[in-house]
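Chemist: 3D, please:
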Amino acid sequence: MIRIATAVLLLALFFPALLWAPPALWAALAGLILLLGAREWGRLADFPRPASWLYAALLTALALAIYLAGAAALGHALLALAAGFWILVAPWWLYRGWPRGAGWVRALVGAVVLLPTWIALIDLRAHGPGVLLAIMAAVWIADSAAYYSGRAFGRRKLAPHVSPGKTWEGVAGAALALVIYSAALSHYAVHVSMAALALLLLALMYFAILGDLFESWMKRQAGLKDSGHLLPGHGGVLDRVDALTAALPLAALVVWGMKLA
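Modeler: Just a heads-up that it's a prediction; the model follows:
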C-alpha cells in the first residue's frame with residue numbers, strides 16, 4: 001500500500017506539471033530530479049556525504065547555466081555523448097564486469113548519465129507534452145510487462161551477475177507489450193507506420209533495460225539495495241528513473257533528427 005500510495009502521489013504531481021507548467025518551471029522541476037539523482041549517484045560512488053551534495057550542486061549549477069545560456073548546441077552535444085556512452089561503453093562495461101573506477105571516473109560517468117537525462121526531459125517536452133508522455137509511457141509499459149511476465153514465466157536469467165531478478169521471459173513480455181502499444185499509438189496518436197514505431201520502441205526498450213542494469217551494477221558495486229530512501233516503497237530517485245537515463249537521451253536525439261528531416 002505504501003508503494004502504491006507513493007506512485008499515486010508522484011503521478012498526481014507529474015501530470016499537471018507535464019501538461020501545464022511553464023517551460024522555466026518544468027526545467028526547475030527537472031533540475032530538482034537532477035539534484036536528488038546526483039546526490040544519490042554520489043552515494044553509489046562512495047563520495048563522502050558533503051562531497052555528494054557538492055557534486056549534486058555543481059551538476060545542477062551546470063544544468064542551470066546551460067538552460068540560461070540557451071546553449072542548444074551544447075545540449076545536443078551532451079545528448080550525443082550520452083548516446084555514445086549507452087551504445088558503446090555501457091554494454092561492454094556490464095559484459096566485462098568492470099569496477100566503478102577512480103573517483104573522477106565515477107563523477108564523470110554520473111555527469112554523462114544524469115545531465116543528458118535532464119536535457120532530454122526539457123527537449124522532448126518542448127516538442128509537446130504528448131511526445132514526452134508517450135516515450136515515458138513506453139518505458140513504464142515495458143517495465144511493468146517485464147515484471148509480471150518475468151514473475152509468471154521467468155526461467156532464464158538475463159544478467160545474473162548484475163540483476164538476478166531479470167529474465168529473458170520478462171524481456172519477451174515487454175517486447176510483446178510494446179508491439180501492442182505501437183499498434184495503438186500509430187493508429188490514434190502519430191502518423192508513423194506501426195512497423196517503424198514498433199522498431200523504434202523496441203530499440204528504446206533495449207536502452208531502458210541497459211539503463212536499469214547499469215544502475216543495478218553500480219548498486220551492487222556499492223553494496224546497496226537501493227540508491228536512496230526518499231520514495232517510500234520505491235527506494236531512491238535513481239531507482240525510479242534508471243531506465244529513463246538511457247532511453248530519454250536516445251529518444252530525444254531521434255525526435256530531434258526527425259524534426260530536422
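
Chemist: residues in contact with Leu43?
Modeler: Heads up, residue 43 is Arg, not Leu. Shown in contact with Arg43 (Cβ atoms under 8 Å, 6 or more residues apart in numbering): 52, 222, 224, 227-228. All C-beta spots, glycine's among them, are computed from the backbone N, C-alpha and C.

Chemist: Buried subset of these as a PyMOL selection?
Modeler: Listed next is the PyMOL selection for buried residues among the contacts of Arg43, using 16 or more other Cβ atoms under 10 Å:
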select buried, resi 52+224+227+228
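
Chemist: Around Tyr188, count how many other residues there are.
Modeler: For Tyr188, the tally of surrounding residues (other Cβ atoms under 10 Å) stands at 7.

Chemist: Against Ala203, how distant is it?
Modeler: Note on Tyr188: its distance to Ala203, by Cβ to Cβ, to the nearest Å, is 22 Å.

Chemist: before we move on, what about Ala102?
Modeler: The value you get for Ala102 to Ala203, if Cβ to Cβ is used, is 32 Å.

Chemist: more neighbours, the two?
Modeler: Neighbours were counted for Ala102 and for Ala203 using other Cβ under 10 Å; Ala203 has more, 14 against 9.

Chemist: Report the contact partners of that one.
Modeler: Applying Cβ under 8 Å, 6+ apart, the residues near Ala203 are Leu250.

Chemist: after the host helix or strand of it, next one along is what?
Modeler: For Ala203, the element it lies in under DSSP states H and E is helix 194-222. As assigned by DSSP H and E, the chain's next helix or strand after helix 194-222 is helix 237-260.

Chemist: Compute the inter-axis angle for that next one and helix 194-222.
Modeler: 150 degrees (axes from the mean of the first three to the mean of the last three Cα atoms, to 10 degrees).

Chemist: Against which helices or strands is helix 237-260 packed?
Modeler: helix 23-44, helix 72-84, helix 103-126, helix 129-153, helix 194-222 (3 or more Cβ pairs under 8 Å, 6 or more residues apart in numbering; DSSP states H and E).

Chemist: Retrieve the pLDDT associated with Leu260.
Modeler: Predicted confidence (pLDDT) at Leu260: the value is 65.

Chemist: List the single closest residue to Leu248 in space, sequence neighbours excluded.
Modeler: Excluding its sequence neighbours, the residue lying closest to Leu248 (Cβ to Cβ, 6 or more residues apart in numbering) is Ala120, at 3.8 Å.
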